Structure formats: structure tokens, C-alpha cells
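In: could you work out the structure for the sequence below:
(one chain, ligands or ions: 2)
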Amino acid sequence: MSIVIDDTTLRDGEQSAGVAFTAEEKIAIARALASLGVPELEIGIPSMGDEEREVMRAIAALRLPSRLLAWCRLCDMDLAAARSSGVDMVDLSLPVSDLMLQHKLGRDRDWALREVSRLVGEARMAGFEVCLGCEDASRADIDFIVRVAGAAQAAGARRLRFADTVGVMEPFAMYERFRFLRSRLDLELEVHAHDDFGLATANTLAAVRGGASHINTTVNGLGERAGNAALEECVLALKHLHGLDCGIDTRAIPSVSALVEQASGRQVAWQKSVVGAGVFTHEAGIHVDGLLKYRRNYEGLNPDELGRSHRLVLGKHSGAHMVRTSYQALGIELDDWQSQALLGRIRAFSTRTKRSPQAAELEEFYRQLCEQRMPELSVGGMA
Ligand SMILES: CC(=O)SCCNC(=O)CCNC(=O)[C@H](O)C(C)(C)COP(=O)(O)OP(=O)(O)OC[C@H]1O[C@@H](n2cnc3c(N)ncnc32)[C@H](O)[C@@H]1OP(=O)(O)O
Ligand SMILES: O=C(O)CCC(=O)C(=O)O
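Out: Ligands and ions are numbered 1, 2, ... in the order given. Reported below is the predicted structural model:
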């Protein structure tokens, strides 16, 4: 079984407050995602205006091997705008919770069902493949979602997107919702998760376990508020934890992450899973000793898969093995006493400076230690 990634870095990712890609950046990101092997890209919102549509058309003109989607509200104006955006598929979005139907649109369920039938039908007549986007699905009556899906399918939709718009799902509930939908519906099912409680990737995996065929992701987890399910996390977690290959060139993930980091102006956290600068960096003595003996001792994810490698550093939590190994790399063989003495200096240095010592600093510690030890040695020698 393969899971289809529908990446929305260029739509929900760009909705992250303060993020605004230039046309060149959008095109570069689309190209990078396509060469990564991402089969579907949600590239923008046609109703935003001419400029947005022009960029969407420019991406379409690249003839990338990925299917392109446009995000539209379920309304005539957005569908009309999509016609000149160059995409093959539209996500027609409808809030499906009573809360949003009433308090955002001032409408009811009957109106929603009528509009689904009408606008999905029109979109199909216009030649689009259709995904019915169920906004706020997590707070909606699941039986109503089934009715909406039925209306959408009867009008020609091929897919239903279940959006956890405000990020309030947890994996067990997500699994149950998708299992239920899967048992009732014969449509492609897509999950769109937000990370408000840090569960977007977990919820995406749970949806897949429950029957989702498509997942909506963003590079670096960019997106509204706390962001969306991160592409890189979903790809690697699905592969290693669920045995599902999404057909992505994982070695190219770091460069795409860097591209989106730069274009979005949102720095990737040092400890961000998969793509953070520090996620293969080890300092703790027991871990480093274990890695040096056999790397799988402390390796959940093999950095080779991302074209990265383990990095061992010295610091407050180092042990003697790493001290000796680091000095060996400088051509200095330490005895046990020297290793311990230098470890004390390294700990003090790291606590004071909040960083690992560089080679020149290690050499200086060693020089100081030798100077300090000289008198002792000569005293010892006389004795
Ligand atoms: C959960 C999500 O991520 S949804 C995607 C949200 N993305 C964005 O909003 C980013 C881009 N948005 C925009 O450029 C603008 O908001 C536009 C062009 C879409 C609309 O702009 P405006 O017409 O000026 O309206 P504004 O944004 O202030 O208000 C939204 C309108 O859309 C309506 N609306 C919201 N969702 C839907 C929907 N799914 N279907 C139909 N109408 C909707 C609202 O009720 C409101 O209509 P009203 O003016 O009749 O009250
Ligand atoms: O309806 C959709 O397509 C999903 C929209 C969205 O981004 C969300 O609900 O978070």
C-alpha cells in the first residue's frame, strides 16, 4: 500500500503569519518538492487575485510530474478564479461543523449539502478533479460528514479531506474517525492535521492507520499557528514505524528544508525532528561511548538516509571515551588521569560558554594541564 502526499507548503505553509513567498520562491519550492518525488502539490488560493493566479500558472507551465491543486472556498467566486489558475484539481472547502456553519457562514446543514452538490458538479463540468475539503471536521458530527461525502461523491468528487482545523485531535480519536469514514465511504480520504498540541504527525499516522490514502503535509511543519504535519516527519515515520513508502527521495529532504527555511524566514529549530541541525549530534558520555562501539546502540533513524551523519561533541555531559577520542584526533594520546583532568576543564568551559570547545581550545587545555603537571612530575621524579 502506498500513501499519497499532497503537500501544502505553498498554501497552508504560506498562511503562517508573516510568511510571504515571492513568485521565484514559490516556483523554486514547487520544483524542489516535485524532484523530491512529492506526487501532489497544493500551490495556492486563486481567489487571492491575479498575482497569485499568475504564479500558479507559472508553476503549471513547468509541467512538473506532480498533480497541482488549488484551494478554494466552496463558492462560485473561488471556483471561477480557479479556472484561470492552471491546476488540475481543486480542493473545495466547506466548514462542516455546526459551530462554523452557524457562526462563520450563518448557514445550516441543508444549505451545505445543496452547495456541495451544486459546486462539486460545476467544478467537474469545468474539468477539475475535486477534493471536498471538510474544514473543522474534527469538531463536526461524523454522520453529517458522511452525508456531505455522499453528496460530494454523487456530484463527482474523488476525495474527502478531513481537516483538524484547530488542531484538537489526538491519535486514538483520529484513528477511530478514519476507521469509521473508511467503513462508510468509497472515496479517497485525506488527512490535514495541525500541530497545536504537538500531535500533527501522530494524528496523520493514526489517520493512515485508520484508512487515509492521502496526507496533507508541509515542509518543516510550516503553517497556520503551530503549523501542519511536517512532510519530513511523516515520510520517515510512515516508512520506519508503519512500513509504508511514500516514494520520496529522503536524501534531498535537507536541501528542501533549507530552501523553505530561507524563503519563509522561519528558522528551523535546532532540535526539530529529522531536519534540525542538532538531531544527530551527541554529547552524553554513555551515548557517545555506545555509538563509538556500535552506532545502532543509539540510532533510531539512520542519518545516512538524509545524507547526514552523526556528530559527536564534547560538553558538560561527556565521558572519558569521547575525551580520549577527541584528543586522538588531534594526535594526542591521553592516560586515564589526563582524560579525567581534561574532562573537568571541558565541563567548566561548556558551562561557562554554553558551547563545545574547539580544537584550539582543547590543545590549550592540554598545554595548561601539562604545565600544571610538570612540577608534580618532577616532585614525583625526585621521590
Ligand atoms: C482553515 C483554512 O486554512 S482556510 C484557508 C484560509 N486562507 C486564507 O484566508 C488566506 C487567503 N485569503 C484571502 O486572500 C482572503 O481571505 C480571500 C480572498 C479568500 C477572501 O477575502 P475577502 O472576500 O476579503 O473576505 P475575508 O477574508 O475578510 O472573509 C472571508 C469570507 O469568506 C467566507 N468564507 C470562509 N470560508 C468559506 C467557505 N469555506 N466557503 C464559503 N465562504 C467562506 C466568510 O464567511 C467571509 O465571508 P463574508 O464576507 O460573507 O462574511
Ligand atoms: O478545507 C480544507 O481544505 C482544509 C483547510 C485548512 O487548511 C484547515 O482546515 O486547516
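
In: which single residue of the chain ends up nearest ligand 1?
Out: As assessed by C-beta to the nearest ligand atom, ligand 1 sits closest to residue 73 within the chain, at 3.4 Å. From N, CA and C alone the C-beta is placed, and that goes for glycine too.

In: for that residue, phi and psi?
Out: phi -70, psi 160 (degrees, to the nearest 10).

In: and residue 304, how many neighbours?
Out: A count of nearby residues for residue 304, using other C-beta atoms under 10 Å, gives 12.

In: surely it is in a strand?
Out: No: assessed with DSSP: H, G, I helix; E, B strand; the rest coil, residue 304 is helix; it does not lie in a strand.

In: per-residue confidence at it?
Out: With respect to pLDDT, residue 304 has a value of 98.

In: what about the residue in the stretch 101-250 of the chain that ligand 2 sits nearest to, neighbour count?
Out: Among the residues of the stretch 101-250 of the chain, residue 133 lies nearest to ligand 2; the distance is 2.4 Å by C-beta to the nearest ligand atom. Neighbourhood size, residue 133 [other C-beta under 10 Å]: 29.

In: return the distance of it relative to residue 268.
Out: Separation of residue 133 from residue 268 (C-beta to C-beta, to the nearest Å): 28 Å.

In: and the contacts of the strand or helix carrying residue 328?
Out: In this assignment (DSSP states H and E), residue 328 forms part of helix 320-329. Outside helix 320-329, the residues that touch it by C-beta atoms under 8 Å, 6 or more residues apart in numbering are 283, 285, 288-289, 292, 312, 314, 333-334, 336, 339-340, 342-343, 346, 362, 366.

In: take the residues you listed and keep only those in strands.
Out: If you go by DSSP state E, the contacts of helix 320-329 have residue 312 in strands.

In: and the contacts of helix 320-329, which of them are buried?
Out: Buried by 16 or more other C-beta atoms under 10 Å: 283, 285, 288-289, 292, 312, 314, 334, 339, 342-343, 346, 362, 366, out of the contacts of helix 320-329.

In: which of these lies closest to residue 39?
Out: residue 312 (37.6 Å; C-beta to C-beta).

In: contact partners for the closest one?
Out: 281-283, 288, 291-292, 322, 325.

In: make a markdown table out of those residues and add distance to residue 241.
Out: Shown next, in a markdown table, are these (distance: C-beta to C-beta, whole Å):
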| residue | distance to residue 241 |
| --- | --- |
| 281 | 23 |
| 282 | 22 |
| 283 | 26 |
| 288 | 26 |
| 291 | 22 |
| 292 | 27 |
| 322 | 30 |
| 325 | 32 |
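
In: among these, which are in reach of ligand 1?
Out: With the criterion set as C-beta under 6 Å from any ligand atom, no member of the contacts of residue 312 is near ligand 1.

In: near ligand 2, which residues of the stretch 151-300 of the chain? Just list them.
Out: Contact residues (C-beta under 6 Å from any ligand atom) of the stretch 151-300 of the chain with ligand 2: 161, 163, 165, 192, 194.

In: name the member of the residues you listed with the most neighbours.
Out: Of all those, residue 192 has the most neighbours under the rule other C-beta under 10 Å, reaching 32 neighbours.

In: find the nearest non-adjacent residue to residue 204, please.
Out: In space, and not counting its chain neighbours, residue 204 is closest to residue 229: 4.2 Å by C-beta to C-beta, 6 or more residues apart in numbering.

In: what separates the one you found from residue 38, distance-wise?
Out: For residue 229 relative to residue 38 (C-beta to C-beta), the value is 13 Å.

In: helices or strands up against the strand or helix carrying residue 146?
Out: In the assignment (DSSP H and E), residue 146 maps to helix 142-154. If you count contacts as 3 or more C-beta pairs under 8 Å, 6 or more residues apart in numbering; DSSP states H and E, helix 142-154 packs onto helix 109-125, strand 129-135, strand 159-164, helix 171-184.

In: I'd like those as a markdown table, with mean pLDDT appended.
Out: Formatted as a markdown table, those follow (pLDDT from 0 to 100):
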| stretch | mean pLDDT |
| --- | --- |
| helix 109-125 | 98 |
| strand 129-135 | 98 |
| strand 159-164 | 98 |
| helix 171-184 | 98 |
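
In: got the contact list for residue 56?
Out: Neighbours of residue 56 in contact, by C-beta under 8 Å, 6+ apart: 43-44, 46, 68, 70, 85-87.

In: what about the residues you listed, which are in strands?
Out: Counting by DSSP E, the part of these found in strands is 43-44, 68, 70.

In: which of the contacts of residue 56 sits closest to residue 10?
Out: residue 43 (4.7 Å).

In: give me the neighbour count for that closest one.
Out: Residues contacting residue 43 under the criterion other C-beta under 10 Å number 33.
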